[in-house]
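*Asks:* predicted structure and sequence below. I'll ask about it afterward.
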Amino acid sequence: MNRLFPLFCHQFCLLLLSISVGAAWGQAAIRDTATSPTVESSKSVATTDLAFPMTGPLTAEMIGNGVWWRPTFDEQTAEQVMSDLEKWGFRNCFVESFWGGQVIFPSENFPSKTTDGKDWLKIFCEIGARHNVRVHAWIHTFFWHYDRSTITSSTLVGQHPDWVEVSRTGELPAEGEKDYVFVSPAHPGVRRKLAQLIDELCQRPIAGVNLDYIRYPFAKPDFGYHPIAIERFQKETGMDPRSLTPHSSPNSPYMKWVAFRERMVTETVDELASRIRFLGPHFGRRITVSAAFFPGYEKERGQNPKFQNWMEWVKRGLLDFSTPMCYSPTEAGLAQEFAEVAAVHQGTNVVPLPGLAVGKFYSPHPPYAEQLEILHKAGFVHYAVFKYDTLAEELKNKN
């Protein structure tokens, strides 16, 4: 196995994909990223009003507002959800399509959430189209399992235990996201599996892919010490990261280790975005790339264990639009987050749609109307809301 997975491998795989698509698109794109040949192209599902322009930068007006939704596998419920979103003026629904290491459609490569054999992602796309709502596949990129006591050989991490991310001592989180099982962004097997996921998602009539949990776990001690990552870092720098003392001064050896882990995540974003943008035209439409992340990372760089340098993604144009999670529980905090998001995106082609936490969560949040007022004062018109259930509760209780 090529343990380093250098960039030329990624380009070679894309070349193979291009040849395969040209010959017979209904067949598997790449041998090691085979997808189901039974799913048809979505050209008949997308409408002119829903479709994004094939080329060029997008605008916030083209995209519109969005809502995250963890689906219920019931068509009547989905009709109600999409009808509500249309009535409330939302054009995009980020449907949770890969979480807990499971997908919401039949797959030969991933465990499925359901056993009914239905392609629920395709169904949701078709229902959304009837209500002028685009469906984006929301995925938990590196977070593949919750509750380590339930890992079995039938689960995705149970099938690939050597892909799991670990701490300096080779253990799972002791604090923070201690029940979350992440896989290593540095492992080539993880990236190949994510490529398979993208292939399967893009065969469905989705408008885009929304990357979530595209980071390391928020945990103590810090993570990223998978043996493959250690080996690669040692070859690049001559240093063993397990021997480094955390120190956030810009040129410290430890900050080189921070930058390395950031690069593992950014490389994955780049690879997935390239694959999505390559696949879209072969299905006759543009499939957008977006990502969810928390503001505030830059000022915490060196202390924040997520190693999620989203500023670089925006600067390099790896995304079509972003959905930064502006979830501060205070009005002053929200204003600060909106200002940061606006400043980082200024002068780029990446459209920011600030994400709002509406309803009751682990901490209280300002009412929806107040958040919108702060958002508009910051110069934003369009936004995303987490999540449908709590938004519905707030809006329907007022009517």
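*Replies:* Okay, I see it.
*Asks:* list the contacts for Ser149?
*Replies:* Residues counted as contacts of Ser149 (Cβ atoms under 8 Å, 6 or more residues apart in numbering): none. For every residue, glycine as well, the C-beta is placed using N, CA and C.
*Asks:* wait, Ala378
*Replies:* Contacts of Ala378 (Cβ under 8 Å, 6+ apart): Ala335, Phe338, Ala339, Ala342.
*Asks:* one more time with 6 Å, if that's ok
*Replies:* Phe338 (Cβ atoms under 6 Å, 6 or more residues apart in numbering).
*Asks:* and what of Gly208?
*Replies:* With contact set as Cβ under 6 Å, 6+ apart, Gly208 has these partners: His136, Ile287, Thr288, Ser290.
*Asks:* could you dump those to TSV with pLDDT and secondary structure?
*Replies:* Below are the contacts of Gly208 laid out as TSV (pLDDT from 0 to 100; DSSP: H, G, I helix; E, B strand; the rest coil):
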residue	pLDDT	secondary structure
His136	98	strand
Ile287	98	coil
Thr288	98	strand
Ser290	99	strand
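*Asks:* taking the residues you listed together, which two end up most distant?
*Replies:* Spanning the widest gap among these are Ile287 and Ser290, at 10.6 Å by Cβ to Cβ.
*Asks:* Met255 sits in which helix or strand?
*Replies:* Met255 belongs to helix 253-279 when elements are defined using DSSP states H and E.
*Asks:* re earlier: which one of the contacts of Gly208 is nearest Lys235?
*Replies:* Taking these together and measuring to Lys235 by Cβ to Cβ, the closest member is Ser290, at 33.6 Å.
*Asks:* residues contacting that closest one?
*Replies:* Gly208, Asn210, Leu319, Phe321, Thr323.
*Asks:* how many neighbours does Ala343 have?
*Replies:* 10 (other Cβ atoms under 10 Å).
*Asks:* gap between it and Glu86?
*Replies:* 33 Å (Cβ to Cβ, to the nearest Å).
*Asks:* show me where the chain has its helices.
*Replies:* Listed in chain order, the helices found in the chain under DSSP state H are 7-23, 60-63, 75-88, 120-130, 156-159, 188-203, 227-237, 253-279, 310-316, 331-345, 368-377, 388-398.
*Asks:* with adjacent residues omitted, what lies nearest to Gly302?
*Replies:* Ser248 (3.0 Å; Cβ to Cβ, 6 or more residues apart in numbering).
*Asks:* dump the contacts of Gly208 into JSON lines; add distance to Thr237 as well.
*Replies:* Formatted as JSON lines, these follow (distance: Cβ to Cβ, whole Å):
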{"residue": "His136", "distance to Thr237": "38"}
{"residue": "Ile287", "distance to Thr237": "37"}
{"residue": "Thr288", "distance to Thr237": "36"}
{"residue": "Ser290", "distance to Thr237": "33"}
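*Asks:* ok, back up a step: next, format the helices of the chain as TSV and append distance to Gly355 and mean pLDDT.
*Replies:* Below are the helices of the chain laid out as TSV (distance: least, Cβ to Cβ, whole Å; pLDDT from 0 to 100):
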stretch	distance to Gly355	mean pLDDT
helix 7-23	29	39
helix 60-63	13	98
helix 75-88	16	98
helix 120-130	19	98
helix 156-159	26	98
helix 188-203	21	98
helix 227-237	29	98
helix 253-279	17	98
helix 310-316	13	98
helix 331-345	10	98
helix 368-377	10	97
helix 388-398	12	88
